[in-house]
Structure formats: C-alpha cells, structure tokens
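Student: coordinates for the following, if possible.
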Amino acid sequence: MDEGGSRIRRRVSVRKRDRPSLACRFAVPAAAELTPGDEEEEEEEKMVAGNRRRKKTVEVQPVEVQPPQLSNAEFLVSLSTLGELIQTQGSYRNNDSEEDMFGDYDSFAENSFLAQVDDLEQQYMQVPEHRKHASDLATEDLYSENIKHNKLSITTVGSFTELKTDEHIKNQCRHEDVSVEPEPDILYDVPSSQVLYFENLKSSSNDLGDQSTKERDWNASSHKTANEELPQNSIEHHQQTDDSSSKVRSSSEENRRKSLKEHLKSAMTGNAKAHTPIFSRTKQLKETLLSEEINVAKKTIESSSNDLGPFYSLPSKVRDLYVQFKGIEKLYEWQHTCLTLNSVQERKNLIYSLPTSGGKTLVAEILMLQELLCRRRDVLMILPYVAIVQEKLHMIGEGSRGAILEMTLAKILYTSKTTQIIGMSATLNNVEDLQEFLQAEYYTSQFRPVELKEYLKINDAIYEVDSKAENSMTFSRLLDCQYSDTLKKMDPDHLVALVTEVIPNYSCLVFCPTKKNCENVAEMICKFLSKEYLKHREKEKHEVIKNLKNISSGNLCPVLKRTIPFGVAYHHSGLTSDERKLLEEAYSTGVLCLFTCTSTLAAGVNLPARRVILRAPYVAKEFLKRNQYKQMIGRAGRAGIDSIGESILILQEKDKQQVLELISRPLENCYSHLVQEFTKGIQTLFLSLIGLKIATNLDDIYHFMCGTFFGVQQKILLKEKSLWEITVESLRYLTEKGLLQKDTNDKSKEEIQCSFNITKLGRASFKGTIDLAYCDILYRDLKKGLEGLVLESLLHLIYLTTPYDMASQCVPDWMIYFRQFSQLSPAEQNVAALLGVSENFIGKKASGQAIKKKVDKDIVNRLYLSFVLYTLLKETNIWSVSEKFNMPRGYIQSLLTGAASFSSCVLHFCEELDEFWVYRALLVELTKKLTYCVKAELIPLMEVTGVLEGRARQLYNAGYKSLMHLANANPEVLIRTVDHLSRRQAKQIVSSAKMLLHEKAEALQEEVEELLRLPSDFPSMEASSTEKA
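Tutor: So this is what the prediction gives:
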C-alpha cells in the first residue's frame, strides 16, 4: 500500500502540474515587496501581464497528495466518477493555439543553449558548493518545468548567471510540500511514456544532485535580500574552504556535468517530439472550480461522516451539473421521498416501481453517486441492467435472460451481506415474491410527469379507455378524414390521418407486428404525405442521409432513402447498430418525426412521442400481453415538451373482446425460469456454484436453492417433484455427463455432506460459459477436427465457432446455398465432406427433390451460417453479404457478434483442456478477425480507442500502419492528413496508442523479469550438502 500510495502521489504530482490551479498561477512576491490593498492587487496584475508578454511559464509548486484512508482503486473511482459525468455531458473547449517550444534556441550548435549551459558550468567549476547548488536547482527546475508544461522554459544566460535572490525564493517555495487535490482526468493529457520518462529523470536527477541538509540550509541562508547578487567575498571564502574536497570530487563533478548536459539534450529532444495542449484561462478557471469542489469532497471523505454536501449527501456541484446538462432544477416529489426513505438511508434492499417516464433513472444515478463518493464503495453495472440499481427488474420472469438475472442476484445475496440491491421496474404485479427473494422493502407511485390518455380505434370511431365505464370505454369522436378510393384500399386503418394530426411539429411512434410491416407502413405513409413535409428541416434530413451513407461505405437502404426526406423511418433489428443509433439521434432532436417500429423499441430504447399508435394488438402472431401493452403506451408523452400523451390501439371487431380484457386485467405475474431453462438455468447454476466453491455439497446447494426466486415460488411452480428432488436429480445428471464427480476421499461422510468436485470438462464448460446443452457436442466437434483440421482456409475454424443456438433457428435459402457451394475451392469442399454435407444433397434440396439419405439438419444449417461468416470476413462488407445471402444486415451483424463471442468462449474452453492445445493460437487470431471484421492489415489500428473501420482505413492510407506509428504521431499532422478528424479525436487516438504501447511494453518487461527471477524451488547449497551427507 505504501509503495502503491507513493506511486499515486508521484503520478498525481506529475499530472497536477500540467493543470495549475487558480491559486498557483500567480507568482508570489518577496515579503518585503508585499503591500496591502490595491497595491498588492496591482502588483499581481503587473506580474501576470509581464508573464503574458514574455510568453514565460509561471512556476508551479510541486505537490504531494495525501490519499484518503481507502484503497487506491476506490480513491480513483470515487474522484473519476464526477469527472466522467462532466466529460460525457459536455467538454470544455481547448485553446488550440501553438507556441514555439524552444524560442530562439533551435539547434545544438556551438552557440546553442546547451553550449551556454556548458560555459556556465565551467565558470562555476571553481565554486564547488555554489556549483553543486546550481546544478541541483537546474536539474530540479528542469524536471519541474518539464512536468508542468511538457516543454523547457528557457531564460537568457545573463539572467541565469545573475541568480537574483527573488528567483531563489521562488525556487525554495517550489520545494515546499503543498496539498493540492488531483483532478478527475489526471491520467489523460500526458502520455504514459512521458510520465515514465519524467519519473526516470527525477530519479536520476536526485542521484546526481543529492546533497546534505546542512548544504541546503547554507544555500537558503546565503540569499536573503530581494535584489542582491551573490557577494564575491562569500564565493572566495568557500573556494578556500572547499578547495581540497573540490579536487577529490573533480572526477565525479565532471561526470555530473556531462550527465546534466545529456539530460538536458534528452529532455529537449523528447519534448520536441511530444505535443502538449495549451489550455485557455477559461478552461483553467472552470477546472479550478471543479478542483475546489473535489477538495471539499475529499476533506469530508476523510471525516467520519457520509454526508458530502447539500444535494442528497452529494456535493452541490452534482446538482449544478444536472441543471447545466439535463435541465433538471428540482426533483419530483416522489423522487425526493424515495431518496429520503429510511431503507435507503440504512442501505437496505429496496424495490421501487413507477409507470414508464416517471423519472426512475435519475434516482438510480443519485444512488450510484452516493455509493461512489459518500461511502467509497464499488458499483457493479450489468448491462443493459444495473445491479446496485437493478433496471428492468420485471425481466427476471422472461426466459433465459430472467434465469441469468436470477442466478446473478441469488449469488450476490448468498455471498455478500453488505451489498445493497435496489431494483426498479415499470411493470410489477406479484411484488411480494420479489420482496421475499431480494429481502427488500417496496415503494411505488402512480406518478407520471405527463398525463396519458388511452384510446381504442374501431373502424372510424375512437373510444377513450375509462375504467369506470361499463365496457371500460366511452365514445370520444369520429375520425374526420377525406380518403380517396385508392387511399382507402392502401390505408384501411386510417394511419395517414392519425399521424398527420401530430407530425411534423410533434413526434409519433407506430408499433407494427412484424419487421416487414414496419417498412411497408413507412413507405405507405410517405406515398400519401404532401410535399410540404419535404421542406420541414430539409437540410438536416439531407445530413442524416449523408451520415447513413458514410457509416455504410456509401450504401443506403432504398426504403430509408424514400422515407427520410419526409421525416419518416423504420426501426427494428434488421438495421445495423450504427444505423439505429444515428436514426435514434435524429428522432430525439426532432429531425425525424415518425418511427414505424417493432415492440423491441418499447422495451429497449427511451424514445418518447406525443402520440403512440399500435397498428394491431399482436406481436408477430401472438396476442399482446398486458405488460407489453403498458410498455408501448408508456412511451407517450415527453416530460418538459408535451402537456399530454396519447395512445391509440387499432383493433378489428373480431379482437374487441380480447382487447377489452387486455385493458382491464391486472399485470401478468412474474415467475422464475430457473428450472424451465434447464441447461441455461439450474444446471449452469450448480456447475458455477461448485466451480466457484460457493456451495460444494448437497446440503449447501439445497440451502442456496431455497433462497432463489424459484425457491420462493416452489409451491406455485412445483407440482410433481419437490425442490430437494430436483436438486438431487440435477447433480446426478451433471455427474453422469462427466461435468462433476463426487469426492471419494472421505467415505465416512453422509450422502448429504458428500462434496462434489468439478471435472476438467466441467471446468472448461464453466470457464468458457458454454451452454451445457451443447458442451458435449462442442467437445465432439473439436475432437473430430483434430483428425483432419483444414487450415488452407478459415472455413473449418469458422464452422467450429459458429453459434449452435443460431444454427438451430436458421432456415437456409437452398438456391443460394447451392450457388455458394458450387463456388468452393477443393480445400473448402474438403471441409464440407469432413462434416458429411455433399453438393449432391444441397442440389437436391435446391431442386425440391426427395432425399432418402439422412443428414444432420443442425450441421447443414451451421455450415450455411459458416458460409455467411466466411464471405463476410473475405469481403468485410455487410451490405454486399446481405444482398448475396438475402438476409437482413442487422441479422448478419448479430451473427458476426455472436460468432466473435462464441469464438472467445471456445478459446477459453480449449485453454482448460490440454488435448486441444493446437486450437489456442488459431482461435486467438480468429477471434480478432471476427471482432473487428476488417482486412488483416487494419486490425492493429482497430485496437485503438475511437478507431473504427472507416477511420482505420484512412489512417492506413495516410501511412500509419501500426500501433507504433500512431503512438509517435503528431496530432497536428494527423488533422492535416486525415479528413474529418478533429483535434480532440486526434489527441485521443495518439494518447490511446501510447497507452496501449506502454501496456504491451510493461507486459514484456514483466515477462523478462519472470525469466530472470530466481526460481522459488531452486536447490540451495544447504540442501545439496545434506543430500551428499
């Protein structure tokens, strides 16, 4: 801890000097010069103005940060959180002006600065003590100045030789210990390589310029008056006294002068290559204010209180940031009530439930900041859920996602009694079961910031939903629309009339049952919109189209090309993630006013609208559930923008009765899927419990199961078997499958106390997070691959890493399959033959002929998806592959992401089994290829933060072909050579590349140290003599 703490103090000192606080930016006059009142202020202004004219850098006192009484990680996380909030919401502007680093000293010639330094040292060779003092000050000043501005602040030789006493006073002040707080981004501006260099320089300087305390005291006392030069008689006196010691040390002094000169040359060369941003006074002032706020927070942290400020125990700066960036000046009453609950103050588990758009996320953010800043605790985030604040808690009852969520929460509850779990949800019914499972209290409110009115549309009539009415609805109005015969045929549900009542001035969402229906509805609406809609924010819509083309290598969906000019777009999983993000941003800013979308948008994206229209009460072919309906209509009404929100459900007469039940019945109950999802649920849970040694015997595992959500609901869910019987059967199944084995060492124990151990295959499945339904198939496929692994192409390896679950859902296009099969090379055909798939079989399927020979359907489907991935890696263009295989580009992107993830899982699986050693190196490279999906030469550049495929190609074409090239790049040169690259992005790319390079160098250094370290089991001399005796 001491060593780590000193490292932090040293690094914080380095970074802090690069960003001086407001107090340190003014030079301090000598005591004799200080005058009260206006004279003092005038003197400071003159000094600051003088510094500006001379372009000289004001000296900054070195700092030593005393970290609070908490771990390094906690300290950095606590302080960085507030900084990240500022940086993500809005960055301060940088002053991009440039300044010559070296002034007039731009060479290493005879009249250069280094030569003058050499002459200067020659003059002081006869004054040992003074020479030693000057050398020490020069070295330390060089180090301080280098760190402060990452450049040398040069003075003339005359001013250096005069050695005014006021300069020495400043130098002495510079070596005092001053506590200055670190800023949140202390590790950002100076590259890691430069920090390492400065630390080495500091160490060397200390070795060269080391002197006794007495000598330092003499140096300090020899400069008392403000404008007085060194007395000549004092110099002569010390020449006489130290003459003998000067002769003895002449050799070491010569080396010291040479080393100092080398350090200066090295520093100037290094700084000439490094690019340092110069900050404006405005930015320094803003960051000083933030630093002062963090100062207050840190001092409070060191006290025993958890209260850091007036904003729910947080600093007032947090409140100011919410006002500045989110426009939140005051919390809703329910938010205040929830944050001041006793259960929250006492860190008890809590579930709170409100309608959609009620402001639940803000409460979650404040609670997380309290944990980080007030209590100095970690916050665990599980995307897309938050686990100290467990978002979407109702999804615990949804399939395999619910099973995984339940397992995670159960492990936290079982292993940690101090972790606080706060669950929030918009839709909950049987909350009592969840309360018992999470051991939590419950808070609920029906608050909505915008009133929501629900309507039903049957033919031309619109009814308002009214729970007090006899049929739960009352007549509202007739839809007034003048439809032509053509329009009636194209739009029997009057969608055009419903949307044109709100767009383009307000936003509208139309939920459709299928993805194809989304696209059709979007096109249909645009066909009947007037041309006036084209003029609304026309330039911005053209910009959206341009950006879509840029992110898709010049490609654009023909449907979007026709609909975006009208402010309309579709939104579903068939879009790539980049397309979805861009369209969502355009909708949020009002450039797009209408989305036709599937139900996934209601559950996953916060895009509210003035009016929400449900095209039909179906999701695909299934009738709407109450929870789904509430999620969809909950998007209606935007806080701060709309006064009301409206939802309209379009229905046919045949669905009327079901819809009336839908709007009146309570929400569906939430049930555990831990046993229903057998291989992804209870079996995976038991394997991880034993692998992590959380519970290893039958009694402990059963006790764990009783504390799960399934355990709470066992009386409802279990009819034929008890929880004990299911636990025993699951353990027996895992043992028979070879994933677990009983501990046979202690036979005296009873069955209930008998421990289980995880086998090699079980550990491989556990470490690789392999679905247990496929672990034995994966083992068999990998084993068979060893017999004849085809390495002439990537096809065989890609097949082995194609996800099993996606293959089982695949429906091949047999004509495309046959066309792709016929284009295979002999080596690639060999892969198909090894798998048992022949061209004859595919040809018969394509022509619709009957097939007598039985072929494994899963293998055939998996090979088809392998063809898709193989083509994608060769062409690296989702659009061309989408067209070639007639698949949605979003699906292809999901397939690629799934394959990259599964490839990493298979790699971890193979690392645990020695027999699969041959796959390890191969899968490392394949995982990279699948992750980045670019040409091989671009992969090293893609590792850098902020570099995607398009940018990587630009950098490569500009000559930056490796990580080393980027690490040594000048951001200003990058801006000039790479199109559409901002200065901030260029600096980020260079900094990230330097950090990555430094990490790789450290890894290699650790490997070297490991190789050179004496083995712990090295035989000693004593052991050898004992053996001889």
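Student: domain ranges for the protein?
Tutor: Domain assignment for the chain by the TED database gives 307-444, 451-658, 682-758, 774-1012.
Student: tabulate those domains (JSON lines), appending distance to residue 667.
Tutor: Glycine gets a C-beta too; all of them are placed from N, C-alpha and C. Below are the domains of the chain laid out as JSON lines (distance: least, Cβ to Cβ, whole Å):
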{"stretch": "domain 307-444", "distance to residue 667": "4"}
{"stretch": "domain 451-658", "distance to residue 667": "5"}
{"stretch": "domain 682-758", "distance to residue 667": "16"}
{"stretch": "domain 774-1012", "distance to residue 667": "29"}
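Student: those domains: lowest mean pLDDT?
Tutor: Among the domains of the chain, domain 307-444 has the lowest mean pLDDT, at a mean of 83.
Student: what's the pLDDT at the nearest residue to residue 355 once chain neighbours are set aside?
Tutor: In space, and not counting its chain neighbours, residue 355 is closest to residue 448: 5.1 Å by Cβ to Cβ, 6 or more residues apart in numbering. For residue 448, the pLDDT comes out at 88.
Student: Three-state assignment for residue 448, please.
Tutor: coil (DSSP: H, G, I helix; E, B strand; the rest coil).
Student: how near is it to residue 358?
Tutor: Residue 448 sits 6 Å away from residue 358, taking Cβ to Cβ, to the nearest Å as the criterion.
Student: also residue 566?
Tutor: Distance from residue 566 to residue 358, by Cβ to Cβ: 33 Å.
Student: now do residue 458
Tutor: Using Cβ to Cβ, residue 458 is found at 30 Å from residue 358.
Student: neighbour count for the two, which is higher?
Tutor: residue 358 (23 against 16; other Cβ atoms under 10 Å).
Student: quick one: contacts for residue 782?
Tutor: By Cβ atoms under 8 Å, 6 or more residues apart in numbering, the contact list for residue 782 reads 800, 906, 910, 916, 919.
Student: my read: the fourth one touches residue 906, true?
Tutor: It refers to residue 916. No: in this structure, residue 916 is not within contact of residue 906 by Cβ atoms under 8 Å, at 9.1 Å.
Student: contact partners for the residue nearest to residue 942 when sequence neighbours are not counted?
Tutor: Using Cβ to Cβ, 6+ apart and skipping the chain neighbours, the partner closest in space to residue 942 is residue 932 (4.4 Å). Residues near residue 932 by Cβ under 8 Å, 6+ apart: 938-939, 942, 949.
Student: and which of those is nearest residue 521?
Tutor: Nearest to residue 521 among the contacts of residue 932: residue 949, at 32.4 Å, using Cβ to Cβ.
Student: that closest one and residue 935 touch, don't they?
Tutor: No: counting by Cβ under 8 Å, residue 949 stays clear of residue 935, with 9.0 Å between them.
Student: follow-up on the earlier one: out of the contacts of residue 932, who's the most crowded?
Tutor: residue 938 (20 neighbours).
Student: how far away is that one from residue 927?
Tutor: For residue 938 relative to residue 927 (Cβ to Cβ), the value is 16 Å.
Student: go on, residue 543?
Tutor: 36 Å.
Student: check residue 645 too.
Tutor: From residue 645 to residue 927 the distance is 46 Å (Cβ to Cβ).
Student: list the contacts of residue 490.
Tutor: Residue 490 neighbours (Cβ under 8 Å, 6+ apart): 524, 527-528.
Student: checking residue 352 next. Helix, strand or coil?
Tutor: At residue 352 the chain is in strand, as set by three-state DSSP.
Student: ok, it - contacts?
Tutor: Residues near residue 352 by Cβ under 8 Å, 6+ apart: 338, 360, 363, 422-424, 442-444.
Student: host element of the residue nearest to residue 629 when sequence neighbours are not counted?
Tutor: Nearest residue to residue 629 in three dimensions, chain neighbours excluded: residue 662, at 6.0 Å (Cβ to Cβ, 6+ apart). Residue 662 is located in helix 656-664, with elements delineated by DSSP states H and E.
Student: what's in contact with that helix?
Tutor: 454, 456, 458, 465, 467, 471-473, 617, 623-624, 626, 629, 649, 651.
Student: need the max-distance pair from these.
Tutor: Spatial extent of the contacts of helix 656-664 (Cβ to Cβ) is set by the pair 467 and 623 at 20.8 Å.
Student: out of these two, which sits in the busier spot?
Tutor: Between residue 467 and residue 623, counting by other Cβ under 10 Å, residue 623 is the more crowded of the two (14 against 9).
Student: the more buried one pairs with what?
Tutor: Counting by DSSP bridges, residue 623 forms beta bridges with residue 618.
Student: got the contact list for it?
Tutor: Residue 623 neighbours (Cβ under 8 Å, 6+ apart): 617, 655, 658, 662.
Student: now the helices for the stretch 401-550 of the chain?
Tutor: 431-438, 485-490, 495-500, 515-527, 532-535, 538-551 (DSSP state H, counting those that start in this stretch).
Student: ok, now which ones touch the closest residue to residue 789 other than its chain neighbours?
Tutor: Nearest non-adjacent residue to residue 789, counting by Cβ to Cβ, 6+ apart: residue 796, 6.0 Å away. Shown in contact with residue 796 (Cβ under 8 Å, 6+ apart): 785, 789-790, 831, 834.
Student: so which bits of whichever strand or helix holds residue 796 are buried?
Tutor: Element membership of residue 796, judged by DSSP H and E, is helix 795-800. By 16 or more other Cβ atoms under 10 Å, the buried positions in helix 795-800 come out as 795-800.
Student: stretch 804-821 too?
Tutor: Buried residues in stretch 804-821 (16+ other Cβ under 10 Å): 804, 806-807, 810, 812, 814, 816-818, 820-821.
Student: and stretch 941-957, by the same measure?
Tutor: 941-944, 947, 949, 951-956.
Student: which residues touch that stretch?
Tutor: 550-551, 553, 876, 932-934, 937-938, 960-963, 966, 978-979, 981, 985, 988-989, 992-993, 996.
Student: out of those residues, which end up buried?
Tutor: 551, 876, 932-934, 938, 960, 963, 966, 978, 981, 985, 988-989, 992-993, 996.
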